[in-house]
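**Student:** Structure of the sequence below:
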Amino acid sequence: SCMRAAQMLVFLASAKSATSATVQQHDDFQSCVAAPDDCTYLLLDDNQLTGSIPSELAALTNLTSMNLGNNLLIGTIPSELAALIYLTDMVLAYNQLTGTIPRELKALESLEKMHLQFNKLSGSIPCVLGA
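**Tutor:** Modelled structure (predicted):
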């Protein structure tokens, strides 16, 4: 409904951060965690974020767009992100992510774009993502 759409929260962090922090420490992530049903966008690109991608992002089940690109993130892509079934855009490019692309991400049937370039990922792209 129009009223529900007007109440949806959109959290943007377009300004570049001068200091580094983890994803969990970012104010927009905290706002999304406080109201997970209302969070549809999590755009934290270009914020010098450090640490790993938190598996807690899986609780933001109404996310349609997530951009954590161009940060300093390390570690693997959490398989828990497969819970984000409405996600259409996932940008994790330009970080220092390692490991393989989780096969569980095949559950992301709404996904149209996944940007993973310029990381340190290994292995092949799971067939389920290319089909």
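**Student:** in the protein, what spans have low per-residue confidence?
**Tutor:** Counting by pLDDT under 70, the ranges of the chain that qualify are 1-20, 128-131.
**Student:** could you point out the longest helix in it?
**Tutor:** As assigned by DSSP state H, the longest helix anywhere in the chain is helix 27-34.
**Student:** Tell me the buried residues in that helix?
**Tutor:** Of the residues in helix 27-34, 28, 29, 32 count as buried by neighbour count, 16 or more other Cβ atoms under 10 Å. All C-beta atoms are positioned from the backbone trio N, CA, C, and that covers glycine.
**Student:** got it, and stretch 38-52?
**Tutor:** 38-47, 49-52.
**Student:** nearest to residue 65, of those residues?
**Tutor:** Residue 65 has its nearest neighbour among the buried residues of stretch 38-52 in residue 41, at 4.8 Å by Cβ to Cβ.
**Student:** so the closest one makes contact with residue 65?
**Tutor:** Yes - Residue 41 lies in contact with residue 65 (Cβ atoms under 8 Å); the separation is 4.8 Å.
**Student:** Next, the buried residues of stretch 92-109.
**Tutor:** Along stretch 92-109, the positions that meet the burial threshold by neighbour count (16+ other Cβ under 10 Å) are 92, 93, 94, 95, 97, 101, 102, 104, 105, 107, 108.
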